[in-house]
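Engineer: got a structure for you, letters missing:
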Ligand SMILES: Nc1ncnc2c1ncn2[C@@H]1O[C@H](COP(=O)(O)OP(=O)(O)OP(=O)(O)O)[C@@H](O)[C@H]1O
Ligand SMILES: Nc1ncnc2c1ncn2[C@@H]1O[C@H](COP(=O)(O)OP(=O)(O)OP(=O)(O)O)[C@@H](O)[C@H]1O
Ligand code: MOO
Ligand SMILES: [Mg+2]
Ligand SMILES: [Mg+2]
């Protein structure tokens, strides 16, 4: 099912358009409060926006200009909201069976589907429990099972794995990937809100970056993450991004930083971004004399261990260094350093 | 404030003891439903367990044997629960000021503290909003600010950053580290439940791994993560762990896998675990003829890109390989491979 | 999973109540309980058995139970939809409608009876049409049920509307996104969720119907076995033997307490 | 932030109501509204002004408003703690206490009046001690307030207890973990959260107090300006001039509707 | 609170009269005359069902005078020693048949009230007007077939004026009070069944002399004139 959405919610400062091709999965990423959940609510019909037009599979479901409005239950759109909201008066199986039942399945059929979903998500032992007695992560898993059970034409998932423990996330991600693949083959569509780059990479075809209620970048997931145009997407992909104005050798930031780059650059004066991998950033205590063109003084803000390496965050860009280097250079928040990057490691592209 | 807790909740299959030294931060990690939130609830007094004894700073707050019970508000223990539960009838500032007000601060003083906390967590612009109008992540941040505001002697945080977007997490983690350091200097104690290894590494001194309501490992965070004794801790640390019985060269798993290791090993026949870094695991399509002692046939279950490298999960252990290798070997779920590990890269220790 | 070893159960602790709350609560309870106890001291216990087993008492009790049950059912059938409409929709004049629904509460019951006469009576607004159809409401048990429903309906509506508002409609929204049609949502989500409120409302309505006097005597009259319910019987007894009336009231009290304890007890356990 | 451009507001959509719900809801509304309209057709409008401005009517209205307001305040002061105790604590015999609290609902009001006399009357349980102290409660305005409080208290308690149960105590628990003492939790969390339920309960109690007749006439008597409230005045008028009684009832209805619309209107807006 | 009239505010000049509800019109009128005749005196009237008033007086209601609608209730007070001196009968009442103005049941005599096809309402035998109705029926040799046995005369009257009932038995005074809303059919045997109204000063009266004055007014010519105008007969 293809989706075409045009949405304006002035009170939430949301104003955007989104298109999803039939049989694909769109990822939505963006900072807290950007408007991701608002988009899902508008698609599901749990929010009635002042200005909107929604087409699913060519059928106009919502058009505020003509007053057309399709209520949620008639849309064939399923939503897993950010809060689990399991029906407190029903046990876990009945919660999961609720969707299939509502869409006309027999009781036995619905319970069979429910048990299948619960088994898939590793919750079989919770089947007879009441939601009030579940842990946070257990409730999140059951809510996911409930959202998957009716297998709607359009499936909306709002951070389905935020409450899950590290050990099950990879496994659930694999299962979700299978589910989405199965759905894709049937021409069904999904929209997934996530704060995790792996979810984006493994589960979505297209990725839209939402900031302040606007889509600031959208495209194939790989492209959006590898050539980020927003700080947010760069951070998500683990890349550094600097915004500024293109110059002949690279880019000028508003803070006065001069970034030297190689390769093609946009015309001078155009707004542009410079992208560089933290692994390409070296940390020195003194400014080195050698060839690298980019030497930026910086202050360490945080050091994050990553196995045998560590990510050193500074007020300019982050550097990926060995843990030995962290110890040798006594890197810790507040320490003044010089960041050194070869121009060949910096790519500048226009916006 | 030191904490000594002995807790039994048979209906939740929880039976454990925990000690936290004054001025330290204890991390609690473990699978969903392990009992982490239950421990926090027992500490905060929002749960009245059938069998428990709790001492804080040498004072017995709870002892079911003598019937002693201290109500939550008299404990000097603050809790950030898994759900934000902001008071819906108060605006954001009033929510955050609630704790200081309740502990006797003047209205002006409480509001000052509230504004400070909100500024720290980047929520100043939300000050006058009602909780009902916040996004999921905004609510989570405000709830964190509210939990920090009264600065209680013992602070309990249940997954404070699960709903936050990737871009703010590092920044908030830095702030939380500062807060915890400040508290540590004042002899105040904290317990933090998390599903994130970086939180554990950067915010906690001691780490306890909880599984099925039991503490399966506890010790200095670094030790627990680097020499994991549980699959969960290994997974969290990004390491592979195999359980089995010690043999003279290494370890036998119940599935019949023979693991060769170097260095000291526990006495043969003792239960033991083998730990190995995914980076030390090579992936081959054919069993190689060379020196490595460990060659295990395996099936790929998932491939997770990690920048320029990828984690290849299999039914045996995970391997960290380059993205080029993934492409060359056509690694994808279902593919049969051989995993090769040098004995010198495997450490075996007893349980 | 290991089961609890001792008798003690794990409890979630609520914010404890401040101690001083018990003082006004006890005063309030006393205000209600002491008069009932004082009433007990006035009962002539020796007459009681004869009085309670007299034919007129038994007829009145049986009629009261039947009519109060019937009007509770009517209240549920009409009141539940009303509460949903008031709590879940918005339309112009809704505030006025809500005020109107509360009117039977404030109208002296006798005036309520006059209003019912003006509606269903022979010369009433609808009564004349009903008479053409051969239906006569006045002086019939139907009239008793109508009178009781009229005075009891607001109790159910108000109490349920409050529950619906407090419960909010988040679960209803979730159900809709799972594809449930409005009727399904009502039956499988909304109603089960507000069941406690519905039960309270029904108990209130039943209690009010059981105690109804003024509207019944005005609209339905008072004929043994047909329209003379227990409260009417009590009033009549009072004219000749006030002590007997008090004793008879006790019967009403016992019936009410039984019904309430049974209903609430079952609810508490689930 | 950009403000809404059009008149349309963003709404969260509730699960829509099934259409058929409107039918029984309309029937229920009709059952309440039609009799009131029918009553209007019986009013002799020409007599109305004289009747409503007569000294006895004005005295009765003023007394009714004062006493109903006073007993609403009493109901809130006593009933709120009772609702909290019933909803938030457990103790043996609680179910029985709840049933007792409901009793005034089911007791015919006159019997309630007798019970109050048996308590506060000269020969009553407390009345004799009070008389020694020189306090005479019965047959005074205080008695009116007591009678109204007695019959209205259950409304507030039941309605608030329902709200408290539906609201749950999760926020109270949160407040306790933030260091709030029970009194603080009550004042700053529990009460504000159930305010809608409290307001409904108070409106119900006020309405019931305003319409109270049986217990008042029995316990307080019917003395103009002292104990003769509007329903008693209506009852008396009915003896001599039934049409005037109906007209006077309209006054009561108007007052009640005004109060309800004002209170509920303000609440709806917040 | 100050503008409310408190009966005890000026004890010297307030007379509290407890009277049966059916005396409301006449006693209100007499109270005005009494106040006019006695400078500075206020008459507080409390009306209710006679049995209600009796139980209130037993419980210490601050009444000076009690006027009952029947002898039975007055006897109760006398039995409880709450009456000073002897009660005096001051009025009586008899029954009449009332029908709606158009008399749809064509009721012309007490015999018609035995017709089961007519909707007939009377007072219940337990209340004074009911026992009177029963005596009347016996005296006339008629077996009544009522559709409802009402609690009070007012309830009977309401059923008739609203057209609900084809006929009812009420007191003459009530029929007179209802005016054009009812048509009256006299019953010849009515004079054999008379309901008597006694009045008495109470032993706890705070104003015994004013109370005696009131009794005098009611039993005197002025009072009798007013009562007669309302339809009451001599005792
Ligand atoms: N009910 C509401 N009324 C008014 N404003 C709202 C409401 N809900 C959300 N907002 C605001 O609208 C904006 C978008 O919110 P939304 O919930 O869509 O964010 P989000 O992208 O889902 O964030 P998160 O990652 O924190 O869940 C935020 O600024 C939020 O404060
Ligand atoms: N109210 C309850 N009644 C009965 N059992 C419960 C209740 N709450 C939780 N449990 C059970 O107790 C166990 C421990 O739950 P707890 O909430 O402590 O887990 P957790 O470690 O916090 O998990 P998560 O990471 O999912 O939040 C789980 O099996 C859960 O199902
Ligand atoms: O208030 Mo009533 O008229 O005694 O039921
Ligand atoms: Mg969101
Ligand atoms: Mg938890």
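Structural biologist: Looks like it came in fine. Here the structure is a predicted model, which means the values were calculated and not measured. Ligands and ions are numbered 1, 2, ... in the order given.
Engineer: any regions of the stretch 1-150 of chain C where pLDDT drops low?
Structural biologist: In the predicted model, the stretch 1-150 of chain C carries pLDDT under 70 at residues C:1-15.
Engineer: all helices for it, in order.
Structural biologist: Listed in chain order, the helices of the stretch 1-150 of chain C (DSSP state H, counting those that start in this stretch) span residues C:22-41, C:48-53, C:55-88, C:94-106, C:109-120, C:127-132, C:141-167.
Engineer: pick the most deeply packed of these.
Structural biologist: Greatest average neighbour count among the helices of the stretch 1-150 of chain C goes to helix C:109-120 (a mean of 28), per mean count of other Cβ atoms under 10 Å in any protein chain shown. (Glycine included, C-beta is placed from N, CA and C.)
Engineer: so for ligand 4, which of the helices of the stretch 1-150 of chain C sits nearest?
Structural biologist: Nearest of the helices of the stretch 1-150 of chain C to ligand 4, taken as Cβ to the ion: helix C:141-167 at 23.2 Å.
Engineer: how far does the closest one sit from the chain's center?
Structural biologist: 7 Å (Cα atoms, centre = their mean, to the nearest Å).
Engineer: now swap in stretch A:216-223 and tell me
Structural biologist: 11 Å.
Engineer: how about it: buried residues?
Structural biologist: A:216, A:217, A:218, A:221 (16 or more other Cβ atoms under 10 Å in any protein chain shown).
Engineer: got the contact list for residue A:274?
Structural biologist: Contacts here follow Cβ atoms under 8 Å, 6 or more residues apart in numbering or on different chains; on that basis residue A:274 touches A:241, A:242, A:244, A:250, A:251, A:259, A:261, A:346, A:347, A:348.
Engineer: what lines up beside whichever helix or strand the last one is part of in the sheet?
Structural biologist: Counting by DSSP states H and E, the element that carries residue A:348 is strand A:347-350. Its sheet considered, strand A:347-350 pairs with strand A:271-276 (antiparallel) by DSSP bridges.
Engineer: next secondary structure element downstream of the partner strand?
Structural biologist: Per DSSP H and E, strand A:271-276 leads on to strand A:282-284 as the next helix or strand towards the C-terminus.
Engineer: now do that next one: which elements does it pack against?
Structural biologist: Packed against strand A:282-284 by the contact rule (3 or more Cβ pairs under 8 Å, 6 or more residues apart in numbering or on different chains; DSSP states H and E) you find strand A:319-322, strand A:336-341.
Engineer: lowest-confidence stretch among these?
Structural biologist: Lowest mean pLDDT of those: strand A:319-322, a mean of 89.
Engineer: return the set of buried residues in it.
Structural biologist: Residues of strand A:319-322 classed as buried by neighbour count (16+ other Cβ under 10 Å): A:319, A:320, A:321.
Engineer: and the helices and strands packed on strand A:282-284: which comes nearest residue C:260?
Structural biologist: strand A:319-322 (70.6 Å; Cβ to Cβ).
Engineer: elements contacting that closest one?
Structural biologist: Using 3+ Cβ pairs under 8 Å, 6+ apart, strand A:319-322 sits against strand A:282-284, strand A:309-314.
Engineer: residues making contact with that strand?
Structural biologist: By Cβ under 8 Å, 6+ apart, strand A:319-322 touches A:277-279, A:281-283, A:306, A:308-312, A:331, A:339.
Engineer: check chain E for the residue nearest ligand 3 and tell me.
Structural biologist: residue E:151 (10.3 Å; Cβ to the nearest ligand atom).
Engineer: let's see the pLDDT reported for the spatially closest residue to residue E:25 that is not a sequence neighbour.
Structural biologist: In this structure, residue E:25 finds its nearest non-sequential neighbour in residue D:240, 4.8 Å apart by Cβ to Cβ, 6 or more residues apart in numbering or on different chains. With respect to pLDDT, residue D:240 has a value of 72.
Engineer: before we move on, what about residue E:56?
Structural biologist: Note for residue E:56: predicted pLDDT of 84.
Engineer: does the nearest residue to it once chain neighbours are set aside count as helix, strand or coil?
Structural biologist: Take residue E:56 and drop its neighbours on the chain: the residue closest to it by Cβ to Cβ, 6+ apart is residue D:221, 5.5 Å away. Recorded secondary structure, residue D:221: coil (DSSP: H, G, I helix; E, B strand; the rest coil).
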